[in-house]
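A.B. asks: build me a model:
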Amino acid sequence: MGWDIACYIFGAICIIGPICIVFWYFSAAKEQLRKLHEKD
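C.D. replies: Next comes the predicted model:
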């Protein structure tokens, strides 16, 4: 495995990782808001 391949893989992880975290955070926040509204 060359450095080029490793750099591409880690680059992809560094870009995709935060996007997945943000997406998960917003979906979890939406779920919490929905539960809050159902309570009222």
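A.B. asks: secondary structure element for the residue nearest in space to the middle of the chain?
C.D. replies: Nearest residue to the geometric centre of the chain (C-alpha atoms, centre = their mean): residue 20, 1.6 Å. Per DSSP states H and E, residue 20 falls inside helix 3-39.
A.B. asks: name the helices or strands packed onto that helix?
C.D. replies: Using 3 or more C-beta pairs under 8 Å, 6 or more residues apart in numbering; DSSP states H and E as the contact test, no helix or strand touches helix 3-39. For every residue, glycine as well, the C-beta is placed using N, CA and C.
A.B. asks: what is the mean pLDDT for it?
C.D. replies: Computed over helix 3-39, the mean pLDDT rounds to 93.
A.B. asks: check the offset of it from the chain's centre.
C.D. replies: Put simply, helix 3-39 sits 1 Å off its chain's centre (C-alpha atoms, centre = their mean, to the nearest Å).
A.B. asks: start at 47 instead
C.D. replies: With 47 as the first residue, the last one maps to helix 49-85.
A.B. asks: quick check: buried residues in that helix?
C.D. replies: Neighbour counts over helix 49-85 (16 or more other C-beta atoms under 10 Å) mark no residue as buried.
A.B. asks: check the gap between the residue nearest to the centre of the chain and residue 72 for me.
C.D. replies: 11 Å (C-beta to C-beta, to the nearest Å).
A.B. asks: ditto for residue 65
C.D. replies: Applying C-beta to C-beta, the value for residue 65 to residue 72 is 11 Å.
A.B. asks: same check, this time on residue 50
C.D. replies: For residue 50, the distance to residue 72 - C-beta to C-beta - is 34 Å.
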